[in-house]
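A.B. asks: How does the following fold in three dimensions:
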Amino acid sequence: MKLENKYLLLLVLAGIAVFFINLDAIYINIMEARNFITAREMLNDNNWIFTTMNAEPRYEKPPLPTWLTAISMSIFGMEGLFGLRLPSAIMGLILVVFIYKFLLKITKNIELSFVAGLIATTSFYIVFSSRDGQWDIYTHSFMMLAIFWLYKLYNSAKNWYSYAVISGLFIGCSILSKGPVSLYALFLPFLIAYGVIYKFDGTKERWKALVLLTLVALISGAWWNLYVYLFDTPAVAEITSQETGRWLNYNVRPFYYYWSFFIQSGLWTIPSFVALLYPYLKDKVSNKKAYKFTLFWTLASVFLLSVIPEKKSRYLLPVLIPMAMNTAFYMEFLFNHFKSLKTKESAVIYFHFGIFAVVGCIFPVAAYFYFESFLQDILVWYILSSIFLFIIGILMFRFLILKKAKPLFYLSIFFLVSIVWFGLPMANKINVNQDYNSIANIDRHLNEYDAPVYEIKDFAPEMIWEYGKPIPVLNKRGKIEIPSEDKFLILSDGDYNRDSLQNIFKNYSTKKIDSVDMNPVSSKHKQRLYRDLFLLERTGNR
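C.D. replies: The predicted structure follows:
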């Protein structure tokens, strides 16, 4: 086996260890619930083109990730979270593999590219997105594939049209995953950085292939939007208006909100920051041109995201892709020169790896006192995590003393793997909400009273997912619709109590018969995951 493929195999194994193990350990969140509901309704109602959520049009997000999730759902079933999150994990694995392959194309440096792949594999938001049923990982993974094939188009003497079609199709897949998000946040910064550093030499000879790429990307990426617009114009127009307003008025943050972007790499926060210090590192890296390219790509992505008024931390995911490559240059420098660094330069490294060494060593004691009240429920996982983290901590101290950066780097990877393998299973056992009452339990009231159930105001996606089928919402564009039945049940989130319901439904008697509490942990009570259940029966004339 070629050395390149040996490293690739190791990277794949690392990706599987981080993205695939204990994939069902964490409870479902609101973003996942929305996406899984849409996938379920695809299967149950055959809504593969005109996508829905709670039986209402959902055209905010293109359907490709939902299709993939629905296919996985049809294979693994609708109950287990592993099968639902598996497509995201696969896309995360594809992303880190092509980060490795792309940087290898640019630098011809196998170890550097492998290090970049491992940094990406263990960067916080890449890990989170790959283990979570959200669509960000799809759009950026597909775009990374498109960038890889575009690079091959510019750096090959033949097969231009084949590479153009492949790159265009992957751009289309990215658009079909989350619209133009990755075009703006990952692809455009790449074009800027590549144009500045490598100049796009050969564009004149390849213009026909580039036109083909553009046409393929537009057709494959835009057909669904055009189709639903033509055949469901009113719903598309309303949703587009709402989404446009959100981009301008929802979660608006100042321009500098993303300036701490390197923190989102988690494990690599300090090395990522140092790698951004161009005056310090420019003469220390093994490939100055490639280093400048990844640095410009990173900073261009941050700048373009900062221009958009709406900002969320998870929108920084595309920044972590070039930043993983950029950080790899600094780690490679440390591999070769840690022993010869001056005290001030070494202090940063001692501090970074020392944090993980200390955490690993004190974990058995700290975790014992923190988890003492329910230690019996997590004893096996506590013992395993304590053993592995303690050993890693001791070894980190040893290699810090010896000033060997390479084993410290690989021990950091094992540190995160240990948390994923042995720490995550403890999540389902701690701080469980003792008052948890699933919405699925309301079916007994439906059977008892032989009446349908409605939501009065808004539905919580987690509840609809748990319930297994749509629940109609009475609030239509700010107006409460009165059901036609003489007897029905209403779920209220607290904004509507018995008295306010009585004022709305004047010809009905109102009685609270149950409550639903879907908060998975007791320490974080979210009102939107709580409902009072009321029985309404007609007492007067219509």
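
A.B. asks: List the buried residues of the helix or strand residue 163 falls within.
C.D. replies: Secondary-structure assignment from DSSP states H and E places residue 163 in helix 160-178. Of all the residues in helix 160-178, those buried under the rule 16 or more other CB atoms under 10 Å are 160, 163-178. (Glycine included, C-beta is placed from N, CA and C.)

A.B. asks: So which elements touch that helix?
C.D. replies: If you count contacts as 3 or more CB pairs under 8 Å, 6 or more residues apart in numbering; DSSP states H and E, helix 160-178 packs onto helix 64-76, helix 136-154, helix 207-231.

A.B. asks: With respect to burial, which of these scores highest?
C.D. replies: helix 136-154 (a mean of 25; mean count of other CB atoms under 10 Å).

A.B. asks: any idea of the angle it forms with helix 207-231?
C.D. replies: Going by axes from the mean of the first three to the mean of the last three CA atoms, to 10 degrees, helix 136-154 is angled at 150 degrees with respect to helix 207-231.

A.B. asks: The next helix or strand after the helix holding residue 163 packs against which elements?
C.D. replies: Using DSSP H and E, the helix or strand that directly follows helix 160-178 along the chain is helix 181-182. Under the contact criterion of 3+ CB pairs under 8 Å, 6+ apart, helix 181-182 touches helix 136-154.

A.B. asks: Convert the C-alpha atoms of stretch 468-484 to PDB, please.
C.D. replies: Presented in PDB, the C-alpha positions along stretch 468-484 are these (Å, rounded to 0.1, in the frame of the first residue of the first chain):
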ATOM      1  CA  GLY A 468     -45.000  10.600  15.500                       C
ATOM      2  CA  LYS A 469     -47.600  12.500  13.400                       C
ATOM      3  CA  PRO A 470     -48.700  16.100  12.700                       C
ATOM      4  CA  ILE A 471     -50.700  18.100  15.200                       C
ATOM      5  CA  PRO A 472     -52.700  20.900  13.600                       C
ATOM      6  CA  VAL A 473     -52.100  24.500  14.800                       C
ATOM      7  CA  LEU A 474     -55.100  26.700  15.400                       C
ATOM      8  CA  ASN A 475     -53.200  30.000  15.100                       C
ATOM      9  CA  LYS A 476     -53.200  30.900  11.400                       C
ATOM     10  CA  ARG A 477     -51.400  34.200  10.700                       C
ATOM     11  CA  GLY A 478     -52.300  35.600  14.100                       C
ATOM     12  CA  LYS A 479     -55.900  34.500  14.100                       C
ATOM     13  CA  ILE A 480     -57.300  31.500  16.100                       C
ATOM     14  CA  GLU A 481     -59.400  29.200  14.100                       C
ATOM     15  CA  ILE A 482     -62.300  27.500  16.000                       C
ATOM     16  CA  PRO A 483     -62.400  23.700  15.300                       C
ATOM     17  CA  SER A 484     -65.500  22.200  13.900                       C
END
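
A.B. asks: hmm, who's touching that stretch?
C.D. replies: Contact with stretch 468-484 is made by 41, 44, 54-55, 440, 452-459, 463-464, 490-491, 504-505, as judged by CB atoms under 8 Å, 6 or more residues apart in numbering.

A.B. asks: got the contact list for the residue most central in space within the chain?
C.D. replies: With distances taken as CA atoms, centre = their mean, the residue of the chain nearest its centroid is residue 129 (2.3 Å). Residue 129 sits next to 88, 92, 136, 137, 314, 317 when contact means CB under 8 Å, 6+ apart.

A.B. asks: which one of those residues is nearest residue 272?
C.D. replies: residue 317 (14.2 Å; CB to CB).

A.B. asks: Hmm, residue 125 and that closest one touching each other?
C.D. replies: Yes - Residue 317 is within contact range of residue 125, at 4.9 Å (criterion: CB atoms under 8 Å).

A.B. asks: Neighbour count: the two, which is higher?
C.D. replies: residue 317 (26 against 22; other CB atoms under 10 Å).

A.B. asks: Please tell me how far that one sits from residue 59.
C.D. replies: According to CB to CB, to the nearest Å, residue 317 and residue 59 sit 23 Å apart.

A.B. asks: What pLDDT is listed against residue 253?
C.D. replies: Reading off the confidence values, residue 253 has pLDDT 83.

A.B. asks: Please report the number of neighbouring residues for the nearest residue to it once chain neighbours are set aside.
C.D. replies: Spatially, and ignoring its direct neighbours in sequence, residue 253 is nearest to residue 311 (3.8 Å; CB to CB, 6 or more residues apart in numbering). Counted with other CB under 10 Å, residues neighbouring residue 311 total 16.

A.B. asks: ok, residue 311 - contacts?
C.D. replies: When contacts are taken as CB under 8 Å, 6+ apart, residue 311 is in contact with 251, 252, 253, 257, 258, 305.

A.B. asks: from those residues, which is closest to residue 338?
C.D. replies: Comparing those against residue 338 with CB to CB picks out residue 258 as the nearest, at 30.6 Å.

A.B. asks: pretty sure that closest one contacts residue 304?
C.D. replies: No - the pair residue 258 and residue 304 does not pass the contact test of CB under 8 Å, sitting 10.1 Å apart.

A.B. asks: quick one, which of those two is more surrounded?
C.D. replies: residue 258 (21 against 17).

A.B. asks: Of the helices and strands packed on helix 160-178, which is nearest residue 120?
C.D. replies: Nearest of these (CB to CB): helix 136-154, 9.8 Å.

A.B. asks: Let me know the angle separating that closest one from helix 64-76.
C.D. replies: 110 degrees.

A.B. asks: domains for the chain, by residue range?
C.D. replies: As recorded under automatic domain parsing, the domains making up the chain are 3-338, 341-429, 439-538.

A.B. asks: which one of the ones you listed is the most hemmed in?
C.D. replies: For the domains of the chain, the largest average neighbour count (mean count of other CB under 10 Å) is found in domain 3-338, namely a mean of 19.

A.B. asks: distance between that domain and the chain's centre?
C.D. replies: Centroid separation between domain 3-338 and its chain, computed with CA atoms, centre = their mean, to the nearest Å, is 10 Å.

A.B. asks: End to end on it, go ahead and measure it.
C.D. replies: 25 Å (CA to CA, to the nearest Å).

A.B. asks: With pLDDT and distance to residue 265 as extra columns, can I get the contacts of residue 129 in CSV?
C.D. replies: Listed next are the contacts of residue 129 as CSV, based on pLDDT from 0 to 100; distance: CB to CB, whole Å:
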residue, pLDDT, distance to residue 265
88, 97, 19
92, 97, 15
136, 94, 16
137, 96, 16
314, 86, 13
317, 95, 11
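
A.B. asks: which one of these is nearest residue 275?
C.D. replies: residue 317 (18.2 Å).

A.B. asks: quick one on the thing from earlier: what's the closest non-adjacent residue to the residue nearest to the centre of the chain?
C.D. replies: Computed as CB to CB, 6+ apart, the closest residue to residue 129 that is not its neighbour in sequence is residue 137, at 4.0 Å.

A.B. asks: how near is that neighbour to residue 465?
C.D. replies: From residue 137 across to residue 465, the span is 20 Å (CB to CB).

A.B. asks: now the helices for the stretch 401-542 of the chain?
C.D. replies: 405-418, 443-449, 461-467, 498-504 (DSSP state H, counting those that start in this stretch).

A.B. asks: For residue 516, find the nearest of those helices.
C.D. replies: Short answer: helix 461-467, nearest of the helices of the stretch 401-542 of the chain by CB to CB, at 7.1 Å.

A.B. asks: Point out the other helices and strands that that closest one packs with.
C.D. replies: Applying 3+ CB pairs under 8 Å, 6+ apart, one finds that helix 461-467 contacts helix 30-45.

A.B. asks: The helix or strand just after the helix it packs on - what's its average pLDDT?
C.D. replies: As assigned by DSSP H and E, the chain's next helix or strand after helix 30-45 is strand 52-53. On average, the pLDDT along strand 52-53 is 94.

A.B. asks: Could you list the low-pLDDT ranges of the stretch 101-250 of the chain?
C.D. replies: By pLDDT under 70, the low-scoring segments of the stretch 101-250 of the chain are 243-250.
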